[in-house]
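> quick one, what's the 3D model for this:
(chains A and B, ligands or ions: 2)
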Amino acid sequence: MFDIDLWREIFQSINKNRTRSILSGFTVAFAILLFVILFGIANGLKNTFAEGFVDDASNSIFVRTGFTTKAHKGLQAGRRIQLKNEDQDFILDEYGNKVQYITSRIYKSVSASYKNEQNNYQLRAVNPDHQFLEKTQVVSGRYVNQSDIINKTKVVVIGRLVDEDLFLKTTPIGKYINLNGIQYKVVGVFEDDGGDNEERMIYMPLTTAQQIYGNNDYVDQINLTYNPDLDFDEALDFSRSLTDKLKDRFSVAPMDQRAIRVRNLANESQQVGIIEVAISIFVIIIGLGTLIAGIVGISNIMIFIVKERTKEIGVRKALGASPKSIVSIIMFEAIIITTIAGYVGLILGVVILKLAKPILEENFLKNPSVDSSLVLTATFVLILAGAIAGYLPAKKASKIKPIVALRDD
Amino acid sequence: MLKISKLHKSYPIGDSSLHVLKGIDLSVDSGEMVAIMGSSGSGKSTLLNIIGMLDELDKGEYVLDNVPIVDLNEKKAAIYRNKFLGFIFQSFNLINYKNAIENVALPLYYQGFKRKERLEKALFHLSKVGLSDWAKHLPNELSGGQKQRVAIARALAADPKLLLADEPTGALDTKTSHEIMEFLQQLNDEGKTILIVTHEEDIADMCKRIVRLKDGVIMEDKFVTQVRASQYV
Ligand SMILES: Nc1ncnc2c1ncn2[C@@H]1O[C@H](COP(=O)(O)OP(=O)(O)OP(=O)(O)O)[C@@H](O)[C@H]1O
Ligand SMILES: [Mg+2]
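Numbers count the residues shown, from 1 in each chain, chains lettered A, B, ... in the order given. Ligands and ions are numbered 1, 2, ... in the order given. Predicted coordinates:
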């Protein structure tokens, strides 16, 4: 394998048949090029699908309420179901071991100002667990904590873009921001992968908002994540059971789809998973197809080369070349042509993807690219492909009889 | 050196077969220089190819250097060819993309010599045929006589016990033919056993023994007084 003389022999003969070698490599280069571009685009598609979820933990369950649509237990349809703090406690009591994080949420729109800068933002009043549910990254200061909840402190955590809008020349931490006429101390700034809207958000302790906006214990929504140890079926069972329990608790008809709505992301991420697998299979089929075309191309041209070199191979045999040495020359030649051509295609593909990235991203393909592990796989696949391409020609070559090859005609 | 008895060989042609060699008995001692003659189609090349293990016999026995040559598979044949035999062809059969010295070094590659050693030995043999200045030239830059000398150097490189030449002068003019024969005579003087297939009487006369084939049998086998090629050149 690492016989330098063998390599010398091979490169001499590739060099001698340069045009033909390049020609035969072309199909493989093209196959790999096509594959890389497809692969990159598919990756972009997958990233686009996945992006819808990076905002929230994938094991999230959202509980929302609305108006009843069916009469039940003597209660009329059209009744409004209102979640309260005690409902969060109820869920924890019932399913403590299945819940990883849990928070309630209240939504408000606020007009915020600092000094002369003023703008409108969404406000979310939350419990400390919300940080993990929303994958909020605190970049300075801190998040809402338990002592804020207990003391109903007037503090807020603001998004990066709120900071950019309002605090032009100064750091916001410790400053007081005015929300609808009430001063709150900014204790933290956060970033979020969920896009600009998520970063134009203000977080406040749940209890503070409850006291200020209505002096009650109402909440708009309860978000939780289930224990990641649960498998897909267990997760679905959990949310189903949760739905039933809540419907019972609020005396909602079991068939009522509007009054209590429990959304489980496991469902949706599974669908995305299926789409991703489908895309992968598609790419693999196309990739394999083009690769096989490349292999057949190389194999054909190598057979032609062997035919043309019949006499030379006969001479080598007359000089004492073993069948094995003839086979290895042809095999390695095929492998080298395939591998080099493959890498050319790979590099071209990566470059084209890089150049086309801005255009593709405009068309909703997030970060269309190939990772470095592909290079390793490609090397392996190419060597294998070369070996397959070289097999037939090598066998043909080893069968050449010197007597036939050397006959003068 | 070699002993052949009751050798038969036929080639299938369509449904029938062509009986080319019909019971050849021939033994050649070390140091002999034998010309094999006969009309076209008489089976000279066939005999030489069997001796050279490029072809297999149908019937009979063949012993080369005390080794009975039986059950030849490709691998075994390759080893014997490499160890015992040197070939010289009418059409030289040099590898056209290798220069003179690389061509000469090729059998040494198959003997497993290291590159440096190969090139040293190859250069030595090239200089023996007077072509050390042409070492880096490709075959198509050489004259016919030079090509045949490179081919001889190549045949000698592996230090074979037996040199087989199928019409080595067939593609050369008289003068160049005599130069080549002078060279082969020198090699024979040094002790190499040489078998030469030829059509030309003057070439045969430069050997020490002439074997004439006709219709697949040996018609005549006689020792002759060698004509030295040097007197013509
Ligand atoms: N592989 C083969 N298949 C069929 N017939 C063959 C084969 N090789 C040789 N022959 C036939 O065998 C006969 C002897 O051939 P061979 O080449 O030995 O003759 P030769 O004496 O060397 O002739 P020449 O002087 O023309 O070279 C010829 O009739 C030839 O056509
Ligand atoms: Mg002949």
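
> isn't B:Glu56 right up against B:Tyr62?
No: taking contacts as Cβ atoms under 8 Å, B:Glu56 lies outside contact range of B:Tyr62: 9.6 Å. C-betas here are computed from N, CA, C, even on glycine.

> okay, and the common contacts of those two?
Contact criterion Cβ atoms under 8 Å, 6 or more residues apart in numbering or on different chains; residues shared by B:Glu56 and B:Tyr62: B:Ile50.

> the more surrounded of those two?
B:Tyr62 (21 against 16; other Cβ atoms under 10 Å in any protein chain shown).

> for the more buried one, list each beta-bridge partner.
B:Ile4 (DSSP bridges).

> biggest helix in the chain by residues?
In the absence of a named chain, chain A is used. Ranked by residue count and defined by DSSP state H, the top helix of chain A is helix A:265-308.

> wait, chain B was what I had in mind.
Chain B, longest helix under DSSP H: helix B:174-189.

> what's the first helix or strand after it?
strand B:193-197 (DSSP states H and E).

> parallel or antiparallel, which strands does that next one pair with?
Strand B:193-197 has these strand partners (DSSP bridges): strand B:33-38 (parallel), strand B:162-166 (parallel).

> out of those strands, which gets nearest to A:Ile330?
Of all the strands paired with strand B:193-197, the one in closest proximity to A:Ile330, counting by Cβ to Cβ, is strand B:162-166 (27.3 Å).

> same for the helix or strand of chain B with the lowest mean pLDDT, what does it pack against?
Sorting the helices and strands of chain B by mean pLDDT, DSSP states H and E puts helix B:74-84 at the bottom, at a mean of 86. Packing partners of helix B:74-84 (3 or more Cβ pairs under 8 Å, 6 or more residues apart in numbering or on different chains; DSSP states H and E): helix A:310-318, helix A:323-362, helix B:100-111.

> A:Phe49 is nearest to which of the strands paired with strand B:193-197?
strand B:162-166 (72.5 Å).

> distance from that closest one to the middle of the chain?
1 Å (Cα atoms, centre = their mean, to the nearest Å).

> and the angle from it to helix A:310-318?
Put simply, strand B:162-166 runs at 160 degrees to helix A:310-318, going by axes from the mean of the first three to the mean of the last three Cα atoms, to 10 degrees.

> got the angle between strand B:162-166 and helix B:174-189?
Using the same axes, to 10 degrees: strand B:162-166 against helix B:174-189 is 160 degrees.

> C-alpha coordinates for strand B:162-166, CSV please?
Taking C-alpha atoms only, strand B:162-166 is exported to CSV below (Å, rounded to 0.1, in the frame of the first residue of the first chain):
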residue,chain,number,x,y,z
LEU,B,162,18.2,-18.4,-20.4
LEU,B,163,17.9,-15.7,-23.1
LEU,B,164,15.0,-16.2,-25.6
ALA,B,165,15.0,-14.1,-28.7
ASP,B,166,12.2,-14.3,-31.3
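
> tell me what angle that strand forms with helix B:74-84.
Orientation check (the same axes, to 10 degrees): strand B:162-166 against helix B:74-84 gives 100 degrees.

> so which elements touch the helix or strand where A:Ala42 lies?
Using DSSP H and E, A:Ala42 sits within helix A:18-54. For helix A:18-54, the packing partners by 3+ Cβ pairs under 8 Å, 6+ apart come out as helix A:265-308, helix A:323-362, helix A:372-399.

> now the angle between helix A:323-362 and the last one, please.
Read that as helix A:372-399. 150 degrees.

> how far out from the middle of the chain is the helix or strand bottoming out on mean pLDDT in chain A?
In chain A, no helix or strand scores lower on mean pLDDT, DSSP H and E than helix A:18-54, which sits at a mean of 77. Its chain's average C-alpha position is 18 Å from that of helix A:18-54, according to Cα atoms, centre = their mean.
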